[in-house]
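> I would like to see how this sequence folds:
(one chain, ligands or ions: 2)
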Amino acid sequence: MVVLSKLYSESLQKMCCNEIIHSRGCTDNLIHQIPKYIQSNMKYFAVLTLLPLLLKINKLNRKIVKDTLTYYANTVFSGFQLAVFINILICAFRRRPELFGRYNIMFLPVFISGLAIHFFWVAPRVKQLFGASILQVTIDSVCLRRENVITRAIANSKGVRTLIFMFCSAIILHAKQKKLCKTFWIVTPNEQPIKESSPEIENSNIQIFENENNNIPNSLCNHKTSCRAHVLTGLRNYLTIGLSLDTIKMVMSRIPKDVPYNTFISKLWAKLKNYQFNTTALLAASVGIYRLVNCHLNHLYPLKKYLTINHLVASFLCGSAYVFLPKLSLLSYGLVICIELFWEQFKRKNYKELPKNIAENNIVKFVNKSTLGLLLFPPAVAYLVHTYVYRKHFVSALGEEIINGLTHGYGKQISFNISRAEQLMEAALK
Ligand SMILES: [Zn+2]
Ligand SMILES: [Zn+2]
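Ligands and ions are numbered 1, 2, ... in the order given. This next block holds a predicted model:
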């Protein structure tokens with residue numbers, strides 16, 4: 001650390017932008033980067049926003065297509081604005097040597113850009129997406145640092161990750177069944193069969209659960225088909241989606257370097273050999289376990305008091321399908337949804353109890369409207385990019401994809417330049 005601070009104060013301070021950040025003049029570089037930022041954002045967000053259309057292929061209509069395309073255009077424009085602003089700020093900080101230090105190369109420019117996102121033209125839904133994605137990859141990065149017992153256990157043990165994922169699965173599916181969460185999750189929960197507050201349904205329940213000899217099925221299940229058909233339909237649909245996603249993943253994967261012949265067939269064969277069924281297995285196992293366990297428990301314990309517990313057990317157990325795709329990023333995704341759910345509950349409980357003058361305060365109102373991911377966005381994105389530039393191995397593949405997807409590899413280029421400068425200077429100081 002002493003060596004590095006000496007290095008920054010003595011050597012990097014004298015370097016101008018085109019020695020460490022980019023190869024042209026600052027304005028030239030910005031003009032040169034603008035079309036690349038647009039192209040890169042278009043490519044990155046195409047997969048993220050247009051791919052979910054595949055999951056709705058049976059329900060596609062004009063409105064869904066229009067909404068999705070608008071969302072895509074919004075994400076591309078927002079990512080572009082962020083990339084341009086970061087680019088300008090990096091150069092602005094670099095031109096003031098008296099401000100220069102380890103944290104001024106990336107951390108501060110990105111932190112300020114993260115704050116400025118509220119003043120850009122960014123749709124609320126896109127802000128939430130940015131907040132959630134960055135929080136997710138920041139959790140990845142904190143775990144990859146393995147600095148304490150908890151992060152070490154999560155990063156090193158598949159068993160620990162699976163167990164935490166099972167708890168996330170139970171919390172998320174329970175919240176989704178209660179309509180408290182709209183975020184995408186691997187499995188869609190079964191419809192809640194009984195509205196607990198409705199008096200007439202309350203009466204009909206008594207009839208259902210007390211009279212076992214009538215024709216009403218003795219179960220809490222609420223699906224239209226038989227339980228067997230319900231499980232099989234789920235398996236068929238999720239297998240189709242899983243196979244489609246695994247095929248897309250295979251097609252988009254890089255061709256291995258050791259392909260003997262440079263022909264289309266040999267390249268295709270090399271990709272086919274690497275075909276993996278992880279997503280198919282994850283989706284099919286999740287829906288299979290969830291529906292099977294929930295239907296089975298609903299038949300075994302068909303009493304209203306077991307309604308929630310039956311569903312929680314099924315939701316918890318279906319999280320064990322994580323073993324088929326035990327990626328840290330998938331766990332972080334689940335953790336982010338749970339964190340946001342608890343944050344919403346916390347706000348709902350506490351905001352009502354605030355005195356009127358505090359509740360009317362603009363900052364308090366802003367905090368009450370925001371997701372936690374959005375509030376943490378400036379420090380999280382700054383931490384992430386800073387870590388990526390200096391210690392790339394502490395950032396997950398997804399984090400790297402986001403940073404370079406939004407900036408057309410600008411982060412990668414700066415990371416490379418800085419590590420090369422560090423090596424040269426450390427060698428000179430020895
Ligand atoms: Zn510059
Ligand atoms: Zn059933």
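
> any idea how far the residue nearest the centre of the chain is from ligand 2?
Centroid-nearest residue in the chain: residue 133, 4.2 Å away (criterion: CA atoms, centre = their mean). Residue 133 is 35 Å from ligand 2, where distance means CB to the ion, to the nearest Å. Heads up, the C-betas are built off the backbone N, CA and C, glycines and all.

> got a list of what that residue touches?
Taking CB atoms under 8 Å, 6 or more residues apart in numbering as the contact definition, residue 133 lies against residue 402.

> likewise the one 10 residues further on?
With contacts defined as CB under 8 Å, 6+ apart, residue 143 is in contact with 151, 154, 155, 328, 332.

> Most neighbours out of these, which is it?
Greatest neighbour count in the contacts of residue 143, by other CB atoms under 10 Å, goes to residue 332: 25 neighbours.

> Name the nearest residue to residue 72, sequence neighbours excluded.
residue 49 (4.5 Å; CB to CB, 6 or more residues apart in numbering).

> what about the one you found, neighbour count?
Neighbour tally, residue 49, other CB under 10 Å: 20.

> Also the one 10 residues further on?
Other residues near residue 59 come to 8 when the count uses other CB under 10 Å.

> Throw the contacts of residue 143 into a markdown table and include secondary structure, thanks.
Formatted as a markdown table, these follow (DSSP: H, G, I helix; E, B strand; the rest coil):
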| residue | secondary structure |
| --- | --- |
| 151 | helix |
| 154 | helix |
| 155 | helix |
| 328 | helix |
| 332 | helix |
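
> re earlier: OK, contacts around the residue nearest to residue 72?
Applying CB under 8 Å, 6+ apart, we find residue 49 in contact with 68, 71, 72, 75.

> Out of those residues, the closest to ligand 1 would be?
Ligand 1 lies nearest to residue 75 out of these, by CB to the ion, at 26.6 Å.

> Identify the residues contacting the closest one.
Shown in contact with residue 75 (CB under 8 Å, 6+ apart): 41, 45, 48, 49, 126, 129.

> and residue 181, how many residues sit next to it?
Residue 181 has 20 nearby residues by other CB under 10 Å.

> Name the residues of this structure found near ligand 2, please.
Within the chain, the positions adjacent to ligand 2 are 221, 227, 295 by CB under 5 Å from the ion.

> Now the first one. Nearest residue, chain neighbours left out?
Spelled out, that is residue 221. residue 298 (4.8 Å).

> again with the last one
Counting by CB to CB, 6+ apart, the nearest residue to residue 295 once its immediate chain neighbours are dropped is residue 227, at 3.9 Å.

> How about residue 307?
That would be residue 220: by CB to CB, 6+ apart, it lies 5.6 Å from residue 307.

> and if you look at residue 36?
Nearest non-adjacent residue to residue 36 (CB to CB, 6+ apart): residue 408, at 4.0 Å.

> The least confident helix or strand in the chain by mean pLDDT: what's the following helix or strand?
Least confident helix or strand, the chain: helix 199-210 with a mean of 42, by mean pLDDT, DSSP states H and E. Going down the chain from helix 199-210, the next helix or strand is helix 227-252, by DSSP states H and E.

> May I see the buried residues of that following helix?
227, 230-231, 234-235, 237-239, 241-242, 244-246 (16 or more other CB atoms under 10 Å).

> mind putting these in JSON lines, pLDDT included?
What follows is the buried residues of helix 227-252, written out as JSON lines (pLDDT from 0 to 100):
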{"residue": "227", "pLDDT": "90"}
{"residue": "230", "pLDDT": "93"}
{"residue": "231", "pLDDT": "94"}
{"residue": "234", "pLDDT": "94"}
{"residue": "235", "pLDDT": "95"}
{"residue": "237", "pLDDT": "92"}
{"residue": "238", "pLDDT": "93"}
{"residue": "239", "pLDDT": "94"}
{"residue": "241", "pLDDT": "89"}
{"residue": "242", "pLDDT": "91"}
{"residue": "244", "pLDDT": "88"}
{"residue": "245", "pLDDT": "87"}
{"residue": "246", "pLDDT": "89"}
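
> sec struct for the residue in the stretch 1-150 of the chain positioned nearest to ligand 2, please.
Residue nearest to ligand 2 within the stretch 1-150 of the chain (CB to the ion): residue 58, separated by 21.9 Å. Per three-state DSSP, the local secondary structure of residue 58 is helix.

> Report the mean confidence score over stretch 174-188.
Averaging pLDDT along stretch 174-188 gives 91.

> mind saving the C-alpha coords of it as PDB?
Written as PDB, here are the backbone C-alpha positions of stretch 174-188 (Å, rounded to 0.1, in the frame of the first residue of the first chain):
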ATOM      1  CA  HIS A 174     -44.200 -16.800  -0.400                       C
ATOM      2  CA  ALA A 175     -44.100 -13.100  -1.200                       C
ATOM      3  CA  LYS A 176     -45.000 -13.700  -4.800                       C
ATOM      4  CA  GLN A 177     -48.000 -15.800  -3.800                       C
ATOM      5  CA  LYS A 178     -49.100 -13.000  -1.600                       C
ATOM      6  CA  LYS A 179     -48.600 -10.500  -4.500                       C
ATOM      7  CA  LEU A 180     -46.000  -8.600  -2.600                       C
ATOM      8  CA  CYS A 181     -43.300  -9.100  -5.200                       C
ATOM      9  CA  LYS A 182     -43.400  -8.600  -9.000                       C
ATOM     10  CA  THR A 183     -39.700  -9.400  -9.800                       C
ATOM     11  CA  PHE A 184     -39.000 -12.300 -12.100                       C
ATOM     12  CA  TRP A 185     -38.200 -15.600 -10.300                       C
ATOM     13  CA  ILE A 186     -37.400 -19.100 -11.500                       C
ATOM     14  CA  VAL A 187     -40.800 -20.600 -10.600                       C
ATOM     15  CA  THR A 188     -44.200 -19.000 -10.800                       C
END
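
> Any buried residues in the top helix by length along the chain, and which?
As assigned by DSSP state H, the longest helix anywhere in the chain is helix 62-94. Buried positions in helix 62-94, judged by neighbour count with 16+ other CB under 10 Å: 68, 71-72, 74-87, 89-91, 93-94.

> Spell out whether it and ligand 1 are in contact.
Yes - counting by CB under 5 Å from the ion, ligand 1 has neighbours in helix 62-94: residue 91.

> What is the distance between that helix and the centre of its chain?
When C-alpha coordinates are averaged (CA atoms, centre = their mean, to the nearest Å), helix 62-94 and its chain have centres 17 Å apart.

> Now do it, average pLDDT.
Mean predicted confidence for helix 62-94 is 90.

> any idea which helix or strand comes after that helix?
helix 102-105.

> now for that next one, which elements pack on it?
Secondary-structure packing of helix 102-105 (3 or more CB pairs under 8 Å, 6 or more residues apart in numbering; DSSP states H and E): helix 2-10, helix 62-94, helix 377-390.
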